[in-house]
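Student: my questions concern the predicted model and sequence given below.
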Number of protein chains: 2
Amino acid sequence: MNKKLTIKDIAQLAGVSKGTVDRVLHKRGKVSQKALDSINAVLEQADYEPNLIARNLKNNKIYTVCVVLPDPASDSFWLPCIKGIEEAKKEFKAFNLSISTYYFDPENTESFIAVNKTVLDLAPDAVLLAPIFYKEAQNAVEKYNKHNILVNTFNNQVESGEVKNFVGQDLQQSGRIAAKLMEVIAQKGQIAIIHIDEKFKNAIHMQEKEKGFRNYFAQKENADYNIITLNLKRTNYEIKFTDFLKENPSLTGLFITTSKAYQIAEIIQETSQNKISIIGYDLLDKNINYLNQGTIDFLINQNPKQQVYLGISFLVDYFVFGKEINNTTLLPIDIVNSENASYYME
Amino acid sequence: MNKKLTIKDIAQLAGVSKGTVDRVLHKRGKVSQKALDSINAVLEQADYEPNLIARNLKNNKIYTVCVVLPDPASDSFWLPCIKGIEEAKKEFKAFNLSISTYYFDPENTESFIAVNKTVLDLAPDAVLLAPIFYKEAQNAVEKYNKHNILVNTFNNQVESGEVKNFVGQDLQQSGRIAAKLMEVIAQKGQIAIIHIDEKFKNAIHMQEKEKGFRNYFAQKENADYNIITLNLKRTNYEIKFTDFLKENPSLTGLFITTSKAYQIAEIIQETSQNKISIIGYDLLDKNINYLNQGTIDFLINQNPKQQVYLGISFLVDYFVFGKEINNTTLLPIDIVNSENASYYME
DNA sequence: CCAAAAAATGTGCTCGAACACACTAAAATA
DNA sequence: TATTTTAGTGTGTTCGAGCACATTTTTTGG
């Protein structure tokens, strides 16, 4: 009694065959006005929903998806992505999806180009891309599109009408969140925004976060803090930062815009006398370690794992269930302290 | 070429018919040792996964699920659940699932009993229950089980081997998170844990949170704070709390263990001179309002919407896809300030 | 050694949607 | 009027798993 209507039911109710109903549902034409009317009449008051399970039974094509991201061995920020991909594989194993992963060297644009070339030659149905090199990424996206390969991105945004979906965070807003936290925990005084990264690849990322951070204090017209910016490179960050500390004795807070907060925390823990509040990004083991020790006060979770997972699940929605997918998906920006960190690390 | 293995493929590889493979897969017996060995040999190196889509094609029953929760009109904590149910309905429309919602009066155990009676008479396949009345809930779960109705719970835990799955949060841990936040933002002095609720229904909830909160400071051996507890009832909380404020002039922080932080914030905003940090629960509009004004410093998100959504999606996994489901699912405990609140309210 | 019983194995149908193809009936053309 | 064309309709098969039932093979006992 409690059964869903099938095409056969509709056909019976309308006094036609299932083939005719099928033609109406798919607008394939070749239907008389009379049949059309009677079928539409039935459809209107019967709220028929096609059975997705049956629909996909026949479609036994395996969709191939390539995930392209920086090698987690070079930058452990990307480590959680492996788990995300594994989970997605497991979750969607039942559907016809074949996922393979390709790493590139995050400090080498050539490597990025080469990996994308490899993937292009494989001609998958879709690519899920971490486009950390802006220009090269745009180029890659264009090529994929030329070959009718669907492109979704995550973590970094590439302005392009050719990207089907982007999963990531609002970086300016994450800067504002950091600012709000800083305002609550840091003593009056000087606050430094610290950009620390191997290369320029995170340039846009870091700038957006700084913008949001500064905007917050500007809007609040909060004169308790004097905000300065410091750029650090890998090669000499230790000496440069130690000098910076000496030059700015009234520092009360540090906002590190990349996942390298542990590098700063290490120095602070050794040298600093007075409390300096530290807010950083990402749940790397080293960061968590300083979070637990109290040297880092808060971490902001960019949730790379969830980003890939969602990116893949959108592809399943699109390919397997024929759903249209949103252009942009902004993930929540999680505030993490020592007590709730474990939940976000799984 | 890129196709998943089917039972037919396995049969061919093992030199038997699909019926025999089927018997092996389902351990239905009536298979010779020889056939068993050859099929197992094939299965071992072929990693066969049954096609869930085909498996469920035949099963065209509509599963009926009743969600039983407090009326959001009486306690707006539950308001987000409506959205969660709507989303689940939309998401799982394609699968054979019929979801209906039943509200009871959260201040009236009779109403809880009555609603469960109604639902029991409907004989659904499963019930997703917010068991806020412990004893009555246990009773209801027992009755459901007697009638072979699957019971999942959310938000509140009922100790019972008869509950298939619980979705919620670790309340002690959420108390610890509040404590950690409080330690970072509140000045040295006195901190009050405030239990404020209409009735006793949240008694266990509040106690667990208090336990976690106190444990944190006890473990840290932090002597900067003196922690006291205050119980408030709806009828006279204004007078009682105002008196309490006068009696305790050195208060620097308040931890409100229910969603009623706005009631306290209102009084604090009017009367208090020195900064008193407030940490509360749940993203009610009134709470968010004080969060934006800076009277409330942090809210902890119990994520009722996600709780129901997950509860329903587990039922889909169980009924439609035949997956086994975990006994307990603990959601992350989100720390919310004015800048990231919107993400958790959708 | 043969018949009956038991064990093992294979066949064929079902589920719902999709689509190719066969078929009918009416209209157009010779 | 006979024949072709075309619009309209219905039938039958496919997908993979699951299970009832038919069929074959093996074992048992008289």
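Tutor: That came in fine, so what should we check first? Numbering: from 1, shown residues only, chains lettered A, B, ... in the order given.
Student: close to DNA strand C, is the helix or strand of chain A with the lowest mean pLDDT?
Tutor: One helix or strand of chain A scores below all others by mean pLDDT, DSSP states H and E: helix A:52-57, with a mean of 79. Yes. Under the criterion of C-beta under 7 Å from any atom of the strand, helix A:52-57 makes contact with DNA strand C via A:54, A:55, A:57. C-beta coordinates here come from the backbone N, C-alpha and C atoms, glycine included.
Student: contacting residues for the first one?
Tutor: What that stands for is residue A:54. residue B:57 (C-beta atoms under 8 Å, 6 or more residues apart in numbering or on different chains).
Student: give me that answer again for 10 Å
Tutor: A:6, A:7, B:53, B:54, B:56, B:57, B:58, B:60 (C-beta atoms under 10 Å, 6 or more residues apart in numbering or on different chains).
Student: between these, which is closest to residue A:69?
Tutor: residue B:53 (29.5 Å; C-beta to C-beta).
Student: contacts only, for that closest one.
Tutor: Here residue B:53 is in contact with A:52-60, A:94-96, A:320, B:321 (criterion: C-beta under 10 Å, 6+ apart).
Student: ok so, going back, so which of the residues of helix A:52-57 next to DNA strand C comes closest to residue A:64?
Tutor: Using C-beta to C-beta, the residues of helix A:52-57 next to DNA strand C come closest to residue A:64 at residue A:57, 19.9 Å.
Student: quick check: next helix or strand after the least confident helix or strand of chain A?
Tutor: Next along the chain after helix A:52-57, taking DSSP states H and E as the criterion, comes strand A:63-70.
Student: rounded mean pLDDT for the next helix or strand after that next one, please.
Tutor: Once the chain leaves strand A:63-70, the next helix or strand it forms, by DSSP H and E, is helix A:79-91. Averaging the model's pLDDT scores along helix A:79-91 yields 93.
Student: can you tell me which helices and strands helix A:79-91 packs against?
Tutor: If you count contacts as 3 or more C-beta pairs under 10 Å, 6 or more residues apart in numbering or on different chains; DSSP states H and E, helix A:79-91 packs onto strand A:63-70, strand A:97-104, helix A:304-319.
Student: mind putting these into TSV with mean pLDDT and distance to residue B:47?
Tutor: Below are those laid out as TSV (pLDDT from 0 to 100; distance: least, C-beta to C-beta, whole Å):
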stretch	mean pLDDT	distance to residue B:47
strand A:63-70	94	18
strand A:97-104	93	13
helix A:304-319	93	20
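Student: dump those into JSON lines; add distance to residue A:242 and mean neighbour count as well.
Tutor: Below are the helices and strands packed on helix A:79-91 laid out as JSON lines (distance: least, C-beta to C-beta, whole Å; neighbours: other C-beta atoms under 10 Å in any protein chain shown):
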{"stretch": "strand A:63-70", "distance to residue A:242": "29", "mean neighbour count": "23"}
{"stretch": "strand A:97-104", "distance to residue A:242": "34", "mean neighbour count": "18"}
{"stretch": "helix A:304-319", "distance to residue A:242": "31", "mean neighbour count": "22"}
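Student: which of the contacts of residue B:53 sit farthest apart?
Tutor: A:58 and B:321 (19.2 Å).
Student: about what we covered before: keep only the residues of helix A:52-57 next to DNA strand C that also lie close to DNA strand D.
Tutor: Answer for the residues of helix A:52-57 next to DNA strand C near DNA strand D (C-beta under 7 Å from any atom of the strand): A:54, A:57.
Student: closest one to residue A:211 out of the residues of helix A:52-57 next to DNA strand C, please.
Tutor: For those, the nearest to residue A:211 is residue A:55 (46.6 Å; C-beta to C-beta).
Student: next one: residue A:167 from residue B:6, what distance?
Tutor: For residue A:167, the distance to residue B:6 (C-beta to C-beta, to the nearest Å) stands at 33 Å.
Student: these two: which is more packed in?
Tutor: Neighbour count, other C-beta atoms under 10 Å in any protein chain shown: between residue A:167 and residue B:6, residue A:167 has more, with 25 against 16.
Student: that one is in contact with residue A:331, isn't it?
Tutor: Yes. Counting by C-beta atoms under 10 Å, residue A:167 touches residue A:331, with 6.8 Å between them.
Student: which one of residue A:58 and residue B:321 has more residues nearby?
Tutor: residue B:321 (13 against 8).
Student: give me phi/psi at the more buried one?
Tutor: phi -110, psi 0 (degrees, to the nearest 10).
Student: swap in residue A:226?
Tutor: phi -110, psi 120.
Student: tell me how far it lies from DNA strand C.
Tutor: 63 Å (C-beta to the nearest atom of the strand, to the nearest Å).
Student: the stretch 201-346 of chain A: helices as residue ranges?
Tutor: A:203-220, A:237-247, A:261-271, A:285-293, A:304-319, A:341-344 (DSSP state H, counting those that start in this stretch).
Student: so which of these is the most packed in?
Tutor: Stretch with highest mean neighbour count among these: helix A:304-319 (a mean of 22; mean count of other C-beta atoms under 10 Å in any protein chain shown).
Student: check whether stretch A:56-65 comes near chain B.
Tutor: Yes. Applying C-beta under 10 Å from any C-beta of the partner chain, one finds stretch A:56-65 touching chain B at A:56, A:57, A:58, A:59, A:60, A:61, A:62, A:63, A:64.
Student: let's have these in CSV, adding distance to residue A:255.
Tutor: Formatted as CSV, the residues of stretch A:56-65 next to chain B follow (distance: C-beta to C-beta, whole Å):
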residue, distance to residue A:255
A:56, 48
A:57, 53
A:58, 55
A:59, 50
A:60, 52
A:61, 48
A:62, 46
A:63, 42
A:64, 41
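Student: distance of residue A:44 from residue B:165?
Tutor: Applying C-beta to C-beta to residue A:44 and residue B:165 gives a distance of 39 Å.
Student: which one's more surrounded, those two?
Tutor: Higher neighbour count among residue A:44 and residue B:165: residue B:165, with 22 against 9, using other C-beta under 10 Å.
Student: how about the contacts made by the more buried one?
Tutor: B:126, B:128, B:150-154, B:310-311, B:314-315, B:317-318, B:325-329 are the contacts of residue B:165 under C-beta under 10 Å, 6+ apart.
Student: let's verify the residue nearest to it when sequence neighbours are not counted: helix, strand, or coil?
Tutor: Spatial nearest neighbour of residue B:165, excluding adjacent residues (C-beta to C-beta, 6 or more residues apart in numbering or on different chains): residue B:152 at 4.5 Å. Secondary structure state of residue B:152, per DSSP: H, G, I helix; E, B strand; the rest coil, is strand.
Student: residue B:152 reaches residue B:319, doesn't it?
Tutor: No. Under the contact definition of C-beta under 10 Å, residue B:152 does not touch residue B:319, with a separation of 11.5 Å.
Student: and for these two, which residues touch both?
Tutor: B:65, B:126.
Student: tell me the one among the contacts of residue A:54 nearest to residue B:286.
Tutor: Of those, the one sitting nearest to residue B:286 (C-beta to C-beta) turns out to be residue B:56, at 44.7 Å.
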